[in-house]
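Colleague: here is my input; please provide its structure:
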Amino acid sequence: MSEEIVEFAVDQRVVYPSQGVGQIKDIFEKKVGDKTVKYYKIYLEVSDMVVMIPVANAAMIGIRPIVCAADAEKALEILGEAIEPVTSDWKLRYQMNLDLLKKGSIFDIVSIVRCLYHRSKVKELPILERKLYDNAKKLLEDEIAFALGKPSKEIEAMLHAKLEPLGALVAKKSPIIDDDEDDDDEFGDEINDSEDSDNEDSDDDDDSDESDSGDDMEDDGDDDE
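Modeller: From the prediction side, this is the model:
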């Protein structure tokens, strides 16, 4: 029998960093060589995808429970607090926020959303940063919605109400000397290559034999809606 410690339960909502809120659909064991490996089967609604993660790797990947209601409320309050000016070097800013996204706590996600929302009031975000902002904002909306038991649309309106007053204040300030480069194609290629590499590494880290369950994943994706 497998001896991995099972931290989550079937039907429990969890956060998969960079991927979104998911639900544990099953916890099962699979024979891999001469070992029995225990897996979480997680359905990610935002991407309509099922992933299978070895239980032993869950903590390393950063999979965690949905925050409690008190922490969700705290995250909303922090979202509305004043923010210090951020670097005008968008490449550095992007990497800093990408690192926060991979860490994946709700307060890390709040930091990304605040930073990029307020920055967008100074100057339009480059394409990569806009995508990062949209991803982080969706992650934040979904987790707070589940934590507070409210519809996502209602949480979206709450986030906007917290961000907009400070965003308007930033927009009214005197112009900021900005050395951002508008053309992010070259850097974008580097980041995309890096993200592809991270994804490949993540797949390898999950389990070298996990690819053997590819057919199972496709079948499970049809079963779980």
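Colleague: for Ala157, give its distance to Ser88.
Modeller: Distance, Ala157 to Ser88, using Cβ to Cβ, to the nearest Å: 31 Å. Any C-beta I mention is one placed from the backbone N, CA and C, and that applies to glycine too.
Colleague: who's more crowded, the two?
Modeller: Of the pair Ala157 and Ser88, Ser88 is the one with more neighbours under other Cβ atoms under 10 Å, namely 15 against 12.
Colleague: which stretch of helix or strand covers that one?
Modeller: Applying DSSP states H and E as the criterion places Ser88 outside every helix and strand.
Colleague: retrieve the pLDDT associated with it.
Modeller: For Ser88, the pLDDT comes out at 85.
Colleague: cool, the one 5 residues further on as well?
Modeller: Reported pLDDT at Arg93 in the predicted model: 94.
Colleague: residues near it, how many?
Modeller: Arg93 has 20 neighbours, counted by other Cβ under 10 Å.
Colleague: now do the SS call for it.
Modeller: The assignment at Arg93 comes out as helix when based on DSSP: H, G, I helix; E, B strand; the rest coil.
Colleague: for the longest strand belonging to the chain, the distance to its chain's centre please.
Modeller: If you go by DSSP state E, the chain has its longest strand at strand 20-32. Computed by Cα atoms, centre = their mean, to the nearest Å, the chain-centroid distance of strand 20-32 equals 19 Å.
Colleague: over to stretch 48-61?
Modeller: Relative to its parent chain, stretch 48-61 has a centroid offset of 14 Å by Cα atoms, centre = their mean.
Colleague: just the CA atoms of it, as CSV, please.
Modeller: Output in CSV follows, covering the C-alpha atoms of stretch 48-61 (Å, rounded to 0.1, in the frame of the first residue of the first chain):
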residue,chain,number,x,y,z
ASP,A,48,-12.3,22.5,-18.1
MET,A,49,-9.3,20.2,-17.5
VAL,A,50,-8.6,17.2,-15.3
VAL,A,51,-5.1,16.8,-13.9
MET,A,52,-3.7,13.9,-11.9
ILE,A,53,-1.1,14.9,-9.3
PRO,A,54,0.9,12.4,-7.2
VAL,A,55,-0.1,13.0,-3.5
ALA,A,56,3.6,13.1,-2.6
ASN,A,57,4.2,16.0,-5.0
ALA,A,58,1.2,18.2,-4.1
ALA,A,59,2.9,20.3,-1.4
MET,A,60,5.9,20.9,-3.7
ILE,A,61,3.7,22.1,-6.5
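Colleague: which parts of that stretch are buried?
Modeller: Neighbour counts over stretch 48-61 (16 or more other Cβ atoms under 10 Å) mark Val50, Val51, Met52, Ile53, Pro54, Val55, Ala56, Asn57, Ala58, Ile61 as buried.
Colleague: repeat that for stretch 26-41.
Modeller: Of all the residues in stretch 26-41, those buried under the rule 16+ other Cβ under 10 Å are Asp26, Ile27, Lys30, Val32, Val37, Lys38, Tyr39, Tyr40, Lys41.
Colleague: now the residues you listed as a markdown table including distance to Lys137?
Modeller: Below are those laid out as a markdown table (distance: Cβ to Cβ, whole Å):
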| residue | distance to Lys137 |
| --- | --- |
| Asp26 | 30 |
| Ile27 | 31 |
| Lys30 | 36 |
| Val32 | 38 |
| Val37 | 35 |
| Lys38 | 34 |
| Tyr39 | 30 |
| Tyr40 | 26 |
| Lys41 | 27 |
